[in-house]
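Peer 1: Here you go, sequence then predicted model.
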Amino acid sequence: MSGYSTNSIDSTVARLRQRVQETEAALASLKRDLANAETQAREAHDLSQAYQGGMPLGWQEDVFAALSHTLSNESTGPEPYQSQTADHGVEEAGEEDEEEEEPGDWKWPLRAEEYRRYGRQLIMPEVGLQGQLRLRNAKVLVVGAGGLGCPAAAYLAGAGVGTLGLVDGDTVEISNLHRQVAHSSQRVGMKKVDSAVEYLRGLNPNVNYRCYREHLVPQQALEVFSAYDLVLDCTDHPTSRYLISDACVLAGKPLVSASALRTEGQLIVLNNPPRRPGDTDGGPCYRCVFPKPPPAESVVSCGEGGILGPVVGAMGVLQALEAIKLIARGDHLSTVSDDTPMADSTDGEVPSPKAPTASPPTMLLFSAYSSPQFRSIRMRSRRPNCAACSAQATITPESLTSGSLDYVAFCGVTNPVTLLGQEERITPSDFANLALASPDAVLIDVRDTTQFELCNLPGSINIPWSKFPDVVKQEAVPLGKDVFVVCKLGNDSQMAVKVLQEAGSTGRVRDIKGGFRAWKAEVDPSWPEY
Amino acid sequence: MADNIDIKVEFTGGLEMLFSDKRNHKISLPAVDSDGQPANVAFLIKYLCENVMKSQKKDLFVLDGSVRPGILVLINDADWELEGEDQYELQAGDNVVFVSTLHGG
């Protein structure tokens, strides 16, 4: 049967050939798709592996916990409006939202508020996390809540010192306010310590403040100091400066000491490191630098000599700075742990590492009207025969605490000047009556020119006491007339009367008893008090 | 030996009031004292009292033959106790500062 048609066979072949071609093309496409899919699958797998290996499991858990926390907050949390303000970071510009609380599973070493409050110092390598933790654990005592103590305490509180003690027995006076920046006009009459803490709480409520509303006394100094890591001497008299230094030596605390008068200030870190008496590695104490107190009549207070607010303020700020440096470095810790008896280490062990020896002691001198304003001077180390910190020390915890050390007697007291007899003196009220009757009498005011300009009696002649002897020598004072001499308190005026007498005055020379302070009390209440 | 040593002397912490309210003084000090010894800080203090000080209140500067307690003496920015105290022999160009301790606060 050759009935097969070659035509139909040929067409069958052609059709099959075409189907094979089409199928092969589809297969190739499928293979490409497969290859692509396999590559993607491998990449995905690798990435997944990488994440599994690169991220601690705990991190993932944190993320999930945080996510679920957010979710649960959204469902049960406070007003949506509040969460919105927080989301927009409103508190960044203003003060923190006090109610901002960490979730119960907060696991960071500082509280959320601390990260934000101290953030600007936390990112400094000089502070960092460890420094901030040391500040938080530190207890600092500020003795004196005046021109030094106010700024010092403010910066310490601001920096997040954990416990801040303040010692002062004084009350706030209006003449304090130009420099004692923690007090206020509303708080005149309040104890300085309470006034300062009110200010400090507003600045940083997270600090534990302790108030000592009396002046420091020897009997309690050791007990008080032993509860702190570091002491700031912000007082204003040699008696307290020797007492504080002695107590710091005996309690083993570093001491940041500063002082200021008129346009100048001084700053020194003492007893740092605070080794026991006799250990020459310890830093010098106040007695090493000043073994003998200055004569009482050479001690000038801010009330007598004057003080520029920013001068004493700068010194107080620098005290806070030295304290922060010391604490953030952990100096106070290494010396405390070093308290083990060193002399007994005979067991051949490597001695415990001592605190890094502090840099050689220096004193910083500040003089606002000199150039340069700051000068750092090298100071001596511990004095081998120091009464407080040497091996020959005579000041002991017992002698201090028993009250047998009389710091007031040690530093001496200024007795009121009584150079003149009664007949050489006149009370302000008698002078007021007499002056009306004897217009020829000369009134000499021996206050300095600056004070004379503030207020003076009409017709009075100003010859400042500092120049008085020279002026008398030049015969510029009438020696034949009756003369009255007046000053602020009635001390310089007596000396001026003596000078006139010795120069051979033939008139009657008298001083006005008690000076302008008495004048105000007895005669003219409108006389300005300054 | 030169006849005089030129040094700078400075008074601060209130001591300038004893020296005509002037802080910085250029002092040309005899190179040797009356005994022919090289000029030291002890000689300088005596010289300042006799030649530079205007105030009558000498005991606010010297007491018992040396500077009174409460005054630091700095020789070229170091406490004089590091330099031999009043026996330090002065060199031309030295900077000597007398600073009274402050107590205010």
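Peer 2: Yes, it's here.

Peer 1: Residue A:189 contacts residue A:172, correct?
Peer 2: Yes. Under the criterion of CB atoms under 8 Å, residue A:189 makes contact with residue A:172 at 6.5 Å. C-beta: built from backbone N, CA, C; applies to glycine.

Peer 1: Who has more neighbours out of these two?
Peer 2: Ranked by neighbour count (other CB atoms under 10 Å in any protein chain shown), residue A:189 and residue A:172 place residue A:172 first, with 26 against 10.

Peer 1: And that one, how close does it get to chain B?
Peer 2: Distance, residue A:172 to chain B, by CB to the nearest CB, to the nearest Å: 15 Å.

Peer 1: What of residue A:226?
Peer 2: The gap separating residue A:226 from chain B is 24 Å, by CB to the nearest CB.

Peer 1: Contacts only, for that residue.
Peer 2: Residue A:226 makes contacts with residue A:251, as judged by CB atoms under 8 Å, 6 or more residues apart in numbering or on different chains.

Peer 1: what kind of secondary structure is residue B:53 in?
Peer 2: Residue B:53 falls in the coil class when you classify it by DSSP: H, G, I helix; E, B strand; the rest coil.

Peer 1: Could you check how many residues crowd around the residue in chain A positioned nearest to chain B?
Peer 2: Per CB to the nearest CB, residue A:294 is where chain A lies closest to chain B, at 2.7 Å. By other CB under 10 Å, 21 other residues sit near residue A:294.

Peer 1: Next: residue A:467.
Peer 2: Quick note: residue A:467 (other CB under 10 Å) scores 15 neighbours.

Peer 1: OK, contacts around it?
Peer 2: Per CB under 8 Å, 6+ apart, neighbours of residue A:467: none.

Peer 1: In three-state terms, label residue A:142 for me.
Peer 2: Going by three-state DSSP, the secondary structure assigned to residue A:142 is strand.

Peer 1: my read: residue A:155 touches residue A:320, true?
Peer 2: Yes. Assessed by CB under 8 Å, residue A:155 is found in contact with residue A:320 at 3.6 Å.

Peer 1: which of these two has more neighbours?
Peer 2: A count of neighbours by other CB under 10 Å puts residue A:320 above the other of residue A:155 and residue A:320, at 25 against 18.

Peer 1: Ramachandran coordinates for that one?
Peer 2: Backbone torsions of residue A:320, given as degrees, to the nearest 10, read phi -60, psi -40.

Peer 1: okay, it: pLDDT?
Peer 2: Model confidence at residue A:320, given as pLDDT, is 98.

Peer 1: so how far is residue B:102 from it?
Peer 2: In this view, residue A:320 and residue B:102 are 19 Å apart by CB to CB, to the nearest Å.

Peer 1: where along the stretch 51-200 of chain A do the helices fall?
Peer 2: Here the stretch 51-200 of chain A has its helices, by DSSP state H, counting those that start in this stretch, at A:57-76, A:80-87, A:90-93, A:112-117, A:119-122, A:128-137, A:149-159, A:192-203.

Peer 1: same check, this time on chain B
Peer 2: Applying DSSP state H to chain B gives helices spanning B:41-51.

Peer 1: Residues in contact with the lengthiest strand in it: which ones?
Peer 2: Counting by DSSP state E, the longest strand found in chain B is strand B:4-12. With contacts defined as CB under 8 Å, 6+ apart, strand B:4-12 is touched by A:264, A:365, A:367, A:370, B:18-19, B:22-31, B:39, B:44, B:48, B:52, B:90-100.

Peer 1: ok, now with 7 Å
Peer 2: Residues outside strand B:4-12 that contact it (CB atoms under 7 Å, 6 or more residues apart in numbering or on different chains): A:264, A:367, B:19, B:23-31, B:39, B:48, B:90, B:92-99.

Peer 1: Just the buried positions in that strand, please.
Peer 2: Of the residues in strand B:4-12, B:5, B:7, B:9-12 count as buried by neighbour count, 16 or more other CB atoms under 10 Å in any protein chain shown.

Peer 1: Residue of chain B closest to chain A, please.
Peer 2: Distance from chain A to each residue of chain B (CB to the nearest CB) is smallest for residue B:70, at 2.7 Å.

Peer 1: Over to the nearest residue to that residue once chain neighbours are set aside. Which of the three states is it?
Peer 2: Spatial nearest neighbour of residue B:70, chain neighbours left out: residue A:294 (2.7 Å); criterion: CB to CB, 6 or more residues apart in numbering or on different chains. Using three-state DSSP, the structure places residue A:294 in coil.

Peer 1: residue contacts, residue A:294?
Peer 2: Residues in contact with residue A:294 (CB under 7 Å, 6+ apart) are A:238, B:68-70, B:101.

Peer 1: Please convert those to JSON lines, extending it with distance to residue A:442 and pLDDT.
Peer 2: As requested, the contacts of residue A:294 are exported to JSON lines (distance: CB to CB, whole Å; pLDDT from 0 to 100):
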{"residue": "A:238", "distance to residue A:442": "39", "pLDDT": "95"}
{"residue": "B:68", "distance to residue A:442": "36", "pLDDT": "95"}
{"residue": "B:69", "distance to residue A:442": "40", "pLDDT": "95"}
{"residue": "B:70", "distance to residue A:442": "37", "pLDDT": "94"}
{"residue": "B:101", "distance to residue A:442": "39", "pLDDT": "94"}
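
Peer 1: By neighbours, which of those wins?
Peer 2: Counting neighbours by other CB under 10 Å, the top entry in the contacts of residue A:294 is residue A:238, with 25 neighbours.

Peer 1: where's that residue relative to residue A:296, distance?
Peer 2: From residue A:238 to residue A:296 the distance is 8 Å (CB to CB).

Peer 1: what touches both of these two?
Peer 2: Residues touching both residue A:238 and residue A:296 (CB under 7 Å, 6+ apart) are residue A:411.

Peer 1: Just the CA atoms of stretch B:33-40, as CSV, please.
Peer 2: What follows is stretch B:33-40, C-alpha atoms only, in CSV (Å, rounded to 0.1, in the frame of the first residue of the first chain):
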residue,chain,number,x,y,z
ASP,B,33,76.2,92.7,99.8
SER,B,34,78.1,94.8,102.3
ASP,B,35,80.1,91.7,103.4
GLY,B,36,81.2,91.0,99.8
GLN,B,37,78.9,88.0,99.6
PRO,B,38,76.9,87.3,96.3
ALA,B,39,73.5,88.9,96.5
ASN,B,40,70.9,86.4,97.6
